[in-house]
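Engineer: give me a model of this one.
(chains A and B)
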Amino acid sequence: MISERLAGVVERAINKATEEGKLGPLKNCPFPVSVERPRLPEHGDLAVGIALKLAGQAKMPPIKIAEVIADYIEKDEQAGAKNIERLAVAPPGFINFHLSTGWLEESLSEVHNKAEKFGALNIGEGRRVLVEYVSANPTGDLHIGHGRGAVYGSCLSNLFSFVGFAVEQEFYVNDAGVQIQQLGYCAWALYQRLQGRDVPYPEEGYPEDSLKHFLEPLVKEYGSSFLELDAEEGAKKLGELTKMTIMESQRKLLSRLGVNFNTWFSETSLHTSDAVTSVLKEFEKKQKSYESEGALWLKAKELGDERDRVLRKSTGVTTYLAADAAYHLDKYKRGFDQLVTIWGADHHGQVPGLKASVKALDLDAEKLEIILTQIVNLNREGQMVRMSKRAGTVVTLEEVMDEVGVDATRYYLAESNPQNPINFDLELAKRTSRENPAFYIQYAHARCCAILRKATEEQVNQESGATEKPVLSAEQLSEYLSEFKKKPDCFRAAFDPGHEVFQHQKALVQKLDSFPDEVREAAVTRLPGRMARYAYDVANDLQKFYEVSRVITDDLSVTKARLGLILATKQVLANALSLIGVSAPERM
RNA sequence: GCGCUCGUAGCUCAGUGGAUAGAGCCCCCGCCUUCUAAGCGGGUUGUCGUUGGUUCGAAUCCAACCGAGCGCGCCA
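Structural biologist: Numbers count the residues shown, from 1 in each chain, chains lettered A, B, ... in the order given. Just a heads-up that it's a prediction; the model follows:
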């Protein structure tokens, strides 16, 4: 990566300059040098604004600092080998680098060498992170909002894993408490009604239509064998069976969406294992709880919450918070270095309570990161598609996936940042044109594959109908592939420096080269959506390149070099798409 | 009322302390005898919600206000 190498050169210059006392009181470079790509071509290929950032500590005007650094870079003999053609200092204190094509060649060679590992980093250094997400109640179908959490969590997990963390993904199953009881009543009533018994359906329960399709297969399988049961036993039995059916359907659907969990953690298990009662004891022991009006309260207010929270109601039943505290204590005990919990934004009111409970247990609250995902609005032809669960008109995740496909579903849910609401346009997601970024990116990948096929497969002449032998033989191709890794200068023929088209050629390679930086940025900001937008940019740059630079030509060295460039582009597109879990098709 | 999130082009959204604030869509004009035109090029578009403050420098940080969404239970 050129920017990394360049950052090293700049940092060395700064350290040398500070050693010789040329940068005021500064001892060495206090923060990492970041290299950016200037917007305007006259500002060079790459630039650093470090002098602006050092101004305060060095107590010197930025422009002076830039001049000093530039001076040291020019004196650095190794710097010449970094493909720096010339550099310029520009106000208010930027150092602009103009580079030779050598760095483009090295970048391409690096992509070929690292292949599917290109862009992978080791920020995580093997540290263990647990990502908990979706965690829906097993009381109905998943809707598009769950889909967003699912896609976000899975993309973030992919990203963590790509930057060197050992990732585990977990689904917390809220299979305890009143909602499951409620499910039991509904299931029991529905079971009887489906067999002709005229019993009332619980008015306050889950909509009948939202459960019917889960009960029908149960009726098919068990027939009337449970009709004998009394109301209590019936609700328990049917509730349990329905819960299992729903969980299995959720698991299957998520798997189809490319979302797979290492563990499904049952809330019930926290109750049966006494984890909940023991966490309450722990609060008591640490004097972080007290009894009042017959209930047990967590002293949340002194730990950053706006008020204290109930852990055990006066009825003796523990609250959701108590179970969540026990659950998170369990996560800590499992020894993770980082815990990421993804919730729908409608649960943001619970964040201070959970944080307080973690602090009350003297656990490191810094390790626990709670990320909230905002709502998804479904659109069709500009009309809002309502998602009212009560009215029974809920649009399920499955319906969306059936309609627009898995790739488009994933792309649109992955693309935007979690703190912003999504407007998911069902019609746009189905479109096969440039307007639809999901399609456009895949088309770019398929186009790369088409060029490779064209170069290496037999072609049928349109006029004569005769079969023509491929431009490149299999032997030539494999020979080239190994040259791409070992001889960066074989890419030189891909470029036309000085020519108008060179800007497109350079832009594409620069974009490919910046992938590792983009990955780092996406990982540290927890915004995998950046990968989606990056892939779009690559696709766009590829199309521009394609338009002006013919790959298969009469000149074998040009064909070879450009084919190498196309294959590098295909690789980077595939890597970026794989991080967001969207497929990279060979043809379309 | 309090809290959280958000407010950037007609629309959908990037950009979160640095150069003249970007991209796509929409609209207009060009480009197919050549590897996928399902494409490409060019053009038009801004009180960065408002007002103050911090800073050499603010869309970005701080405060107040305006607007939108969500949340404020011994529900889960």
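Engineer: so what's residue A:355 up against?
Structural biologist: Counting by Cβ atoms under 8 Å, 6 or more residues apart in numbering, residue A:355 touches A:303-305, A:365, A:368, A:370. Yep, even glycine has a C-beta here, placed from its N, CA and C like the rest.
Engineer: what ranges does the stretch 351-500 of chain A have for its helices?
Structural biologist: Taking DSSP state H, counting those that start in this stretch as the criterion, the stretch 351-500 of chain A contains helices spanning A:351-360, A:397-404, A:406-415, A:426-430, A:437-456, A:474-486.
Engineer: how about the residues of the stretch 301-450 of chain A by RNA strand B?
Structural biologist: Residues of the stretch 301-450 of chain A lying near RNA strand B by Cβ under 7 Å from any atom of the strand: A:306, A:309-310, A:313-315, A:317, A:319-321, A:345-350, A:372, A:374-375, A:416-417, A:419-423, A:432-435, A:437, A:439-440, A:443, A:446-447, A:449-450.
Engineer: buried subset of these, written for PyMOL?
Structural biologist: A single PyMOL command selects the buried members of those (16 or more other Cβ atoms under 10 Å):
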select buried, chain A and resi 309+310+319+320+321+350+372+374+416+422+437+439+440+443+446+447+449
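Engineer: related to what we said a few turns ago, out of the contacts of residue A:355, which one sits closest to residue A:581?
Structural biologist: Residue A:581 has its nearest neighbour among the contacts of residue A:355 in residue A:370, at 22.7 Å by Cβ to Cβ.
Engineer: in contact with the closest one, which residues?
Structural biologist: Neighbours of residue A:370 in contact, by Cβ under 8 Å, 6+ apart: A:341-343, A:351, A:354-355.
Engineer: ok, what's across the strand from it?
Structural biologist: residue A:341 (DSSP bridges).
Engineer: which pLDDT value goes with it?
Structural biologist: pLDDT for residue A:370: 95.
Engineer: wait, residue A:134 sits on residue A:149?
Structural biologist: Yes. Shown here, residue A:134 and residue A:149 form a contact pair, counting by Cβ atoms under 8 Å, at 5.4 Å.
Engineer: what's around residue A:570, how many residues?
Structural biologist: 23 (other Cβ atoms under 10 Å).
Engineer: so how far is residue A:31 from it?
Structural biologist: 36 Å (Cβ to Cβ, to the nearest Å).
Engineer: please apply the same query to residue A:474.
Structural biologist: In terms of Cβ to Cβ, residue A:474 sits 50 Å off from residue A:31.
Engineer: again, but for residue A:518
Structural biologist: 20 Å.
Engineer: what does residue A:487 give?
Structural biologist: 37 Å.
Engineer: just residue A:588 next, same as before
Structural biologist: 45 Å.
Engineer: does residue A:87 count as helix, strand or coil?
Structural biologist: strand (DSSP: H, G, I helix; E, B strand; the rest coil).
Engineer: swap in residue A:51?
Structural biologist: helix.
Engineer: which stretches in the stretch 101-250 of chain A count as strands?
Structural biologist: Taking DSSP state E, counting those that start in this stretch as the test, the strands found in the stretch 101-250 of chain A are A:128-132, A:166-173.
Engineer: domains of chain A?
Structural biologist: A:2-100, A:178-256, A:437-579 (automatic domain parsing).
Engineer: tell me which of those lies nearest to residue A:281.
Structural biologist: domain A:178-256 (24.1 Å).
Engineer: how long is that closest one from one end to the other?
Structural biologist: Start-to-end span of domain A:178-256 (Cα to Cα, to the nearest Å) is 30 Å.
Engineer: can you get me a residue count around the closest residue in space to residue A:360 that isn't next to it in sequence?
Structural biologist: Closest residue in space to residue A:360, ignoring its immediate chain neighbours: residue A:288 at 3.7 Å, by Cβ to Cβ, 6 or more residues apart in numbering. When neighbours are counted by other Cβ under 10 Å, residue A:288 registers 21.
Engineer: helix, strand or coil for residue A:287?
Structural biologist: coil.
Engineer: can I get the domains of chain A in a markdown table with distance to residue A:113?
Structural biologist: As requested, those are exported to a markdown table (distance: least, Cβ to Cβ, whole Å):
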| stretch | distance to residue A:113 |
| --- | --- |
| domain A:2-100 | 15 |
| domain A:178-256 | 34 |
| domain A:437-579 | 5 |
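Engineer: format the ones you listed as CSV; extra columns: mean pLDDT.
Structural biologist: CSV is the format used below for those (pLDDT from 0 to 100):
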stretch, mean pLDDT
domain A:2-100, 82
domain A:178-256, 94
domain A:437-579, 91
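Engineer: surely the residue nearest to residue A:360 and residue A:296 touch.
Structural biologist: No. Residue A:288 lies out of contact with residue A:296 (Cβ under 8 Å); the separation is 10.9 Å.
Engineer: tell me the pLDDT at residue A:393?
Structural biologist: Confidence score, pLDDT, at residue A:393: 58.
Engineer: same deal with the one 4 residues further on?
Structural biologist: As predicted, residue A:397 sits at a pLDDT of 92.
Engineer: count residues in the vicinity of it, would you?
Structural biologist: Going by other Cβ under 10 Å, the residues that sit close to residue A:397 add up to 27.
Engineer: any idea how far it lies from residue A:379?
Structural biologist: 16 Å.
Engineer: likewise for residue A:5?
Structural biologist: 46 Å.
Engineer: residue A:396 now?
Structural biologist: 16 Å.
Engineer: show me what stretch A:518-527 is in contact with.
Structural biologist: A:119-121, A:123, A:156, A:159-160, A:162-163, A:340, A:369, A:371, A:417-418, A:528-531, A:534, A:579.
Engineer: next: stretch A:63-77.
Structural biologist: A:9-10, A:12-14, A:16-17, A:22-23, A:50-51, A:54-55, A:58, A:79, A:84, A:87-89, A:91-95.
Engineer: then it to PDB, C-alphas only?
Structural biologist: Output of stretch A:63-77 as PDB, limited to C-alpha atoms (Å, rounded to 0.1, in the frame of the first residue of the first chain):
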ATOM      1  CA  ILE A  63       3.500  26.100   6.400                       C
ATOM      2  CA  LYS A  64       6.900  26.300   8.100                       C
ATOM      3  CA  ILE A  65       6.500  22.900   9.500                       C
ATOM      4  CA  ALA A  66       5.500  21.500   6.100                       C
ATOM      5  CA  GLU A  67       8.600  23.100   4.600                       C
ATOM      6  CA  VAL A  68      10.900  21.500   7.300                       C
ATOM      7  CA  ILE A  69       9.300  18.100   6.800                       C
ATOM      8  CA  ALA A  70       9.500  18.400   3.000                       C
ATOM      9  CA  ASP A  71      13.200  19.300   3.300                       C
ATOM     10  CA  TYR A  72      13.900  16.200   5.400                       C
ATOM     11  CA  ILE A  73      12.000  14.000   2.900                       C
ATOM     12  CA  GLU A  74      14.100  15.300   0.100                       C
ATOM     13  CA  LYS A  75      17.200  14.600   2.000                       C
ATOM     14  CA  ASP A  76      16.000  11.000   2.700                       C
ATOM     15  CA  GLU A  77      17.800   8.800   0.300                       C
END
